[in-house]
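>>> make a model of this:
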Amino acid sequence: MNHEYAGLADVQSMVDNRRIPLRRVGIKNIRYPITVLDKARGHQQTVASINMYVNLPHQFKGTHMSRFVEILNEYRQEINVRTFEMILSAMRERLDAQEAHLEIDFPYFIEKTSPVTATKGLMEYGCGLHGSMTDTLDMLLIARVPVTTVCPCSKEISSYGAHNQRGEVRVRVRFDRFIWLEDVIHVVESCASSDVYSVLKRPDEKYVTEYAYDHPMFVEDLVRAVYQGIKELPEVTWFSVEAENFESIHNHSAYAYAVSE
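Residues are numbered from 1 along each chain as shown. Below is the predicted model of the structure:
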């Protein structure tokens, strides 16, 4: 350290006499370039929104915010389920904390091929890793997947047609060994009335429209189908599923939620 700065006061480490411990202190909503694992291509560059917190005992005035960013700098080339625990461990050690919390949310892109013309396009999924560490690690993999649903009631009672809508399924999973985001996303998409695609030619649009019409489902059906699919993934130890349909003929969304036992 430059001797010119050696005597600067460390205000954060000073004593606070109010005897109020803080459950979480840290940095929130830092936008940061990261590299994540990609099942098809090995790695994928993306930009994450990151929250990093530790607990603060009552006797300390503050934490050292710059150390959070320093830790990010060290791991930015590969942030994934394999390095997540190391980041949390580094936070606990360098910030002298009993608890560390890390939330990483990022757009993840998968190349999808349209069902008839085989036109390729990139689909965006909102994904994340959220977790905490005390003496043990608790980590959640998160995927938000856009889907299409067709209303069974509308199809049954209408002389022709049926209302359909785009929706979103949000899955959170705990796991006991490595799991690919792509595997979770595939389960969700296979359960909907239809996938959502970034590029559709006219033959694709005809196919998707008719396929969805032949596979109508309520939001309740969707959550139950995804529940069954996620339950079959051998890596998963706990999960929750929620779905929201952004209704096309109602001034509200339809919603359902389930959590594993």
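
>>> mind listing what Phe239 touches?
By Cβ atoms under 8 Å, 6 or more residues apart in numbering, the contact list for Phe239 reads Val171, Arg172, Val173, Arg174, Tyr227, Ile230, Lys231, Val259, Ser260. Glycine gets a C-beta too; all of them are placed from N, C-alpha and C.

>>> not counting residues beside it along the chain, what's closest to the last one?
Computed as Cβ to Cβ, 6 or more residues apart in numbering, the closest residue to Ser260 that is not its neighbour in sequence is Phe239, at 5.0 Å.

>>> likewise the first one?
Of all residues not flanking Val171 in the chain, Ala143 sits nearest, at 5.0 Å (Cβ to Cβ, 6+ apart).

>>> report pLDDT for the one you found.
Per-residue confidence (pLDDT) for Ala143: 98.

>>> how about Pro21?
Reported pLDDT for Pro21: 83.

>>> and it, how many neighbours?
By other Cβ atoms under 10 Å, the residues close to Pro21 number 12.

>>> isn't it up against Val54?
No. Here Pro21 lies out of contact with Val54, judged by Cβ atoms under 8 Å, at a distance of 11.7 Å.

>>> where are the low-confidence patches of the protein?
1-17, 58, 60, 62 (pLDDT under 70).

>>> strands of that one, start to end?
With DSSP state E as the criterion, the chain has strands at 22-38, 42-56, 100-113, 120-133, 137-150, 164-175, 194-195, 236-246, 253-259.

>>> in JSON lines, list these along with distance to Glu70.
Converted to JSON lines, those look like this (distance: least, Cβ to Cβ, whole Å):
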{"stretch": "strand 22-38", "distance to Glu70": "11"}
{"stretch": "strand 42-56", "distance to Glu70": "11"}
{"stretch": "strand 100-113", "distance to Glu70": "14"}
{"stretch": "strand 120-133", "distance to Glu70": "18"}
{"stretch": "strand 137-150", "distance to Glu70": "21"}
{"stretch": "strand 164-175", "distance to Glu70": "29"}
{"stretch": "strand 194-195", "distance to Glu70": "41"}
{"stretch": "strand 236-246", "distance to Glu70": "33"}
{"stretch": "strand 253-259", "distance to Glu70": "37"}
